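1. Sequence and predicted structure below; questions after.
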Amino acid sequence: MTVRSALRAALVDTYQFSWRLFVLNTTLSAGIVLIVVLVSAFPLVLFVAPLVTGPLAAGLVHSVITLIREQELHLSDAVAGARRFWRRGLVLGGISGFVLLLGVLAVTFYGSERHRVLPVAVLAIYVVAIAFLVLLVAWLFAIADPEDSVADALRQASSLMLRSPTRMLVFGAALFLVNLAGAVTVVPILTLTIAYSFLATARLVLPPEEVPV
């Protein structure tokens, strides 16, 4: 499936199951906000928030996969997914938090007045963005194929990035614009952009036989 087709199909899915996806997306967003409030120590919160809310994200990803495979979505799917994949959620959430933490520290360090190495700071931003794109794909692989390990999912996601770098970078740029638009136009916690991002990624990367159009 092309990038354009994946984005369009995900938009249709989001419209058809909007209120359920809204509940799931808002639950995950609210969990992140709660952790940010409780763990106010910066930059530790950048690692803790994704780690703790990893099981919620696993439930959302499981719901997305169920939606595109069966064209059905129930809120109970998220509960079942969180219960089944909470360990994978913690692992992938922890990795996501670690990447985010290192990225922010690197950009802050090299972009500070004391060091002022802006090319390295910009490079760090690009590296973190690509790492998060790989992680986004790995989330789908890890939940869609429970028989494979998280390490296998990360390897598959990295391999896909290396095989189709232009396609994946265009896709990542499109998702960035979607999330940016959602963040600046409405209250971020009330958006559907996280769910939409997982839906579009699932449409793009899962095998065609698993993704009915």
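-> Now that the structure is in, tell me what you want to look at.

2. Can you tell me the element the residue lying closest to Pro50 once chain neighbours are set aside falls in?
-> Ranked by Cβ to Cβ, 6 or more residues apart in numbering and with sequence neighbours excluded, the top spatial neighbour of Pro50 is Gly97, at 3.7 Å. Every residue, glycine included, has its C-beta placed from N, CA and C. Secondary structure from DSSP states H and E places Gly97 in helix 75-110.

3. and that helix, which residues are buried?
-> For helix 75-110, burial by neighbour count (16 or more other Cβ atoms under 10 Å) applies to 77-78, 81-82, 84-86, 88-97, 99-104, 106-107, 110.

4. If you count contacts, what does whichever helix or strand comes after it end up packed against?
-> Downstream of helix 75-110, the next assigned helix or strand under DSSP H and E is helix 118-144. Using 3 or more Cβ pairs under 8 Å, 6 or more residues apart in numbering; DSSP states H and E, the elements in contact with helix 118-144 are helix 54-70, helix 75-110, helix 150-163, helix 165-185, helix 193-205.

5. List the contacts of the residue nearest to Pro50.
-> Going by Cβ atoms under 8 Å, 6 or more residues apart in numbering, Gly97 touches Leu46, Phe47, Val48, Ala49, Pro50, Leu51.

6. middle-most residue in the protein, spatially?
-> Taking Cα atoms, centre = their mean, the centroid of the chain lies closest to Leu136, which sits 4.3 Å from it.
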